[in-house]
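Student: Model the following, please.
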Amino acid sequence: MRCLDPMRFFIQSAVAVLIAMSNLATGQITAELEKPPTAIVIHGGAGTISRESLTREREDVIRAALEKAIRAGYAVLEGDGSAMDAVTTAIAILEDAPEFNAGRGAVLTSEGSVEMDASIMNGRNLAAGAISGVQGIRHPILAARAVLEHSPHVMLSGRGAEEFARERRLEFMPESWFKTEFRLDQLDRIKARTQAATATESADRDEWFSTVGTVALDRSGDLAAGTSTGGMSNKRFGRVGDSPIIGAGTYADNRSCAVSATGHGEYFIRHVVAYNICARMQFAGDTLSESAEAVINGVLADDGGDGGIIALDAEGNIAMPFNTPGMYRASIDRDGNLDVLIYRNE
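Tutor: Below is the predicted model:
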C-alpha cells in the first residue's frame, strides 16, 4: 500500500485550512455588508444661532456635547439595541448637559422655577408616552417612556406625572441642581426687555426655540422619536408647548418616518408639524426631504412659525430643515458618517 508523502499531506492540509478560513471570513464580511442599516439624528434647539452669538469656547462645548450624545445613541444601535433605547440614551445625555434647554439647564418660568415636558414614540406599534409640567425629575424622557410602557395613558402632567415617576423609582434632583447661572441671567434679561416693551412691541423670540430631541432607526427596521424641553423662558400659567404633544413635536411611524421638532411651539401645535411630515410621505408619496421642506419652509414659515425638525425614514434617509439662522444638530447616517453642525452654511 502506497503511503502519502508527509510533506505533501501537510501542504494539502494547510491549504484546506486556509480555504476554509477564507470562506468563513468572506461569509462574515458578506453578513456584515448585508446587515440592515442603522442611523440616528439629534438636535439641541433652533433659533437665532450665529457665529457672532457664540464664543469659540461655548461652541466647542456644545459641539462636544452633541457628539457625546449621538455617539452614545449610535453605540446602542450598533450593538443591535432598539431605536427606543438609542433615543432615550442620547436624550438623557443632553438632559444632563447644561448647555441645552432640557433637564439640567432648562429655562425658568416667570416665577423662577423649572417645569419640563417630554415625549417619546415607537414607530413599530405607534405606542407613545408623554409628561408635561413636571419638576424635579432628572430625566423627563425616562418618565415619558415609563408612561408608554407602564401606564394605559399617553400623557400625564404635573403632580400626577411626578407621583407616577416616583412609583417607577425614577431619579429626582433638587431644583437647585437644574438651575444654572446662564438661565438665571437669561430670565432677568427677558423680564427687563418685557417691562421695557410697549404694547405694540414683541419680546425677542430667540428664547422660544430651545429643545432637545432624537430620532433613530435600528437593525429591526424600527423607528423611534423623542423630544425633551424646559419650555419657554418666562412662561406663565402652566404653558405647554409642542414637545410633549404627539403629532406636534414628536411622531414616529415605520410606514413613513420619525420626527422631533424644535421651535415656536404654538405654531407646531396648530400645524401638527411632526405628523404632517409623516402623513405627506405615507399618503401623498412625498420623499422625506420633500415632505420636511414643504412643512418647515412652506406651511410653517408662511404662517410665521420659526424652528426646525430632524427626521429619519425606514431606509435611513435623513432630513434636518430649519427656517432660523441656526440649529444645533448632529447625525450619523447609514454609512456611519458623523456630522456635528450648528450654523446654516455648514
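Student: Would you mind measuring from Lys68 to Arg166?
Tutor: Distance, Lys68 to Arg166, using C-beta to C-beta, to the nearest Å: 29 Å. (Glycine included, C-beta is placed from N, CA and C.)
Student: So for these two, which sits in the more crowded spot?
Tutor: Applying other C-beta atoms under 10 Å to Lys68 and Arg166 shows that Lys68 carries more neighbours, namely 16 against 12.
Student: how close does that one sit to Ala75?
Tutor: 11 Å.
Student: try Glu163
Tutor: Counting by C-beta to C-beta - Glu163 and Ala75 are separated by 33 Å.
Student: before we move on, what about Gly265?
Tutor: Taking C-beta to C-beta, one finds Gly265 at 31 Å from Ala75.
Student: who's more crowded, these two?
Tutor: Neighbours were counted for Gly265 and for Ala75 using other C-beta under 10 Å; Gly265 has more, 28 against 14.
Student: out of everything not next to it in sequence, what's closest to that one?
Tutor: Gly241 (2.7 Å; C-beta to C-beta, 6 or more residues apart in numbering).
Student: same deal with Leu187?
Tutor: Leu108 (4.6 Å).
Student: Is that neighbour in contact with Phe182, as I believe?
Tutor: No. Leu108 lies out of contact with Phe182 (C-beta atoms under 8 Å); the separation is 10.4 Å.
Student: So these two - more neighbours on which side?
Tutor: Per other C-beta under 10 Å, whichever of Leu108 and Phe182 has more neighbours is Leu108, with 23 against 13.
Student: Do you know the pLDDT at that one?
Tutor: pLDDT for Leu108: 94.
Student: Let me see the contact set for it.
Tutor: Neighbouring residues of Leu108 by C-beta atoms under 8 Å, 6 or more residues apart in numbering: Val114, Lys179, Arg183, Leu184, Gln186, Leu187, Gly230, Ser233, Asn234.
Student: Assign it to helix, strand or coil.
Tutor: coil (DSSP: H, G, I helix; E, B strand; the rest coil).
Student: re the thing from before, out of the contacts of Leu108, what pair is the most spread apart?
Tutor: By the measure C-beta to C-beta, Lys179 and Asn234 form the most distant pair in the contacts of Leu108, at 14.3 Å.
Student: Mind checking which of the two has more residues around it?
Tutor: Higher neighbour count among Lys179 and Asn234: Asn234, with 22 against 19, using other C-beta under 10 Å.
Student: Test my guess that the more buried one contacts Thr109.
Tutor: Yes. Between Asn234 and Thr109 a contact is recorded at 7.0 Å, counting by C-beta under 8 Å.
Student: Arg63 versus Arg56, what's the distance?
Tutor: Distance of Arg56 to Arg63, computed by C-beta to C-beta: 10 Å.
Student: So which of these two has more stuff around it?
Tutor: A direct count of neighbours by other C-beta under 10 Å for Arg56 and Arg63 places Arg63 higher, at 16 against 8.
Student: contacting residues around the more buried one?
Tutor: Arg63 neighbours (C-beta under 8 Å, 6+ apart): Val340, Ile342.
Student: The helix or strand harbouring it: what's the following helix or strand?
Tutor: For Arg63, the element it lies in under DSSP states H and E is helix 56-78. Using DSSP H and E, the helix or strand that follows helix 56-78 in sequence is helix 83-96.
Student: Just the angle for the helix or strand just after that next one relative to helix 83-96, thanks.
Tutor: Following helix 83-96 in sequence order, the next helix or strand is strand 116-122 (DSSP H and E). Put simply, strand 116-122 runs at 160 degrees to helix 83-96, going by axes from the mean of the first three to the mean of the last three C-alpha atoms, to 10 degrees.
Student: How far away from the center of its chain is stretch 291-307?
Tutor: 19 Å (C-alpha atoms, centre = their mean, to the nearest Å).
Student: contact partners of that stretch?
Tutor: 46-47, 205, 208-209, 257, 259, 261-264, 266-268, 270-271, 273, 276-278, 280-281, 284, 286, 308-309, 311, 319, 321-324.
Student: Which of those fall in strands?
Tutor: Ala46, Gly47, Cys257, Val259, Ala261, Thr262, Gly263, Gly308, Ile309, Ala311, Ala319 (DSSP state E).
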